[in-house]
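Trainee: Okay, sequence plus prediction incoming.
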Amino acid sequence: NPLQGAQFVLAAHRVNQLPADEGAEVAFAGRSNAGKSSALNALTGHKGLARTSKTPGRTQQMVAFSLPPTRRGETSQAIETRLIDLPGYGYAKVPEAMREHWRHEIDAYLHVRRSLRGLVLIVDIRHPMKEFDRMMLDFCVATLLPCHVLLTKADKLSRNQAAQALAVLRKQFHASMPVSMQVFSSADGTGVDEARAAVARLLEG
Ligand code: GDP
């Protein structure tokens, strides 16, 4: 597993509190309750890494996790790699002021973060592409930031239904160059290996 050995580094309320903007990182975003924490835990193989089933609306933070340094390039220098868990606010119970704060901070993060190599967008396969998801995708398309979408909770659908949902969304986002998609489930492990490889590729990009 290329994402093994992830460790909590810090939680931040603002972009400028994140670890130094060096090396490479991949950010995870998703509406509250989409299954982002479960996905992070499944991908890193670390059950307690991100807190799952949090109460929607509670104070949220950006959380940085470090991965073991990878050696790359001719000089074989160690490169710091990180995963960043962005707060999800696409939930009605989150107060408007908090949503506004995070809309601003996520926007700032996506614009200023030079070590950012890509975004993993976690979407409930049964409720795809709500306003929050579209906003994140629009940003990726506009800035050519690669985005990999995990259509999670696929275990809630039959294999056929899941494949159908993926096909429809792929068609819909066919023209969006930096966007890739796959079926995923933290519950039964569907697509975990594929997603690990996708994140590793983003980190190398
Ligand atoms: P987050 O708010 O996006 O971090 O979502 P969580 O990871 O905390 O998950 C929200 C709820 O969805 C929890 O009750 C999880 O157990 C459930 N959940 C997350 N991923 C899956 C999945 O792949 N399949 C199923 N059936 N439930 C899931």
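Mentor: Looks like it came in fine. Owing to the predicted nature of the structure, the values given are computational and were not obtained by experimental measurement. Numbering: from 1, shown residues only.
Trainee: what's downstream of the longest helix along the chain, the next helix or strand?
Mentor: Taking DSSP state H as the criterion, the chain has its longest helix at helix 96-112. Going down the chain from helix 96-112, the next helix or strand is strand 116-124, by DSSP states H and E.
Trainee: Provide the secondary structure category for the residue most central in space within the chain.
Mentor: The residue lying closest to the centre of the chain (CA atoms, centre = their mean) is Phe28, at 1.8 Å. Judged by DSSP: H, G, I helix; E, B strand; the rest coil, the three-state class of Phe28 is strand.
Trainee: how about it, what does it touch?
Mentor: Phe28 makes contact with Lys36, Ala39, Leu40, Leu83, Ile84, Asp85, Leu86, Leu119, Val120, Ile122, according to CB atoms under 8 Å, 6 or more residues apart in numbering. In this view, the C-beta of every residue, glycine as well, is placed from N, C-alpha and C.
Trainee: what about 10 Å?
Mentor: Residues counted as contacts of Phe28 (CB atoms under 10 Å, 6 or more residues apart in numbering) are 36-37, 39-40, 43, 50, 63, 65, 83-86, 88, 119-122, 150, 199.
Trainee: ok, and the closest non-adjacent residue to it?
Mentor: Nearest non-adjacent residue to Phe28, counting by CB to CB, 6 or more residues apart in numbering: Val120, 4.8 Å away.
Trainee: What's opposite the one you found in the beta bridge?
Mentor: Phe28, His148 (DSSP bridges).
Trainee: If we ignore the residues flanking it in sequence, what's nearest Leu150?
Mentor: Per CB to CB, 6+ apart, closest to Leu150 is Phe184, 4.0 Å.
Trainee: burial of that neighbour, as a residue count?
Mentor: Number of residues near Phe184 (other CB atoms under 10 Å) recorded here: 31.
Trainee: Are there helices or strands packed against the helix or strand containing Ala195, and which ones?
Mentor: Element membership for Ala195, per DSSP H and E: helix 192-204. Contacts defined by 3 or more CB pairs under 10 Å, 6 or more residues apart in numbering; DSSP states H and E place helix 192-204 against strand 24-30, helix 36-44, strand 62-72, strand 77-85, strand 116-124, strand 147-152, strand 179-183.
Trainee: helices or strands up against the worst-scoring helix or strand of the chain on mean pLDDT?
Mentor: When the helices and strands of the chain are scored by mean pLDDT, DSSP states H and E, strand 62-72 comes last with a mean of 85. Contacts defined by 3+ CB pairs under 10 Å, 6+ apart place strand 62-72 against strand 7-12, strand 24-30, helix 36-44, strand 77-85, helix 96-112, helix 192-204.
Trainee: Redo the ones you listed as a markdown table? Include mean pLDDT and distance to the ligand.
Mentor: Conversion of these to a markdown table gives the following (pLDDT from 0 to 100; distance: least, CB to the nearest ligand atom, whole Å):
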| stretch | mean pLDDT | distance to the ligand |
| --- | --- | --- |
| strand 7-12 | 94 | 14 |
| strand 24-30 | 96 | 5 |
| helix 36-44 | 96 | 3 |
| strand 77-85 | 91 | 8 |
| helix 96-112 | 88 | 13 |
| helix 192-204 | 96 | 10 |
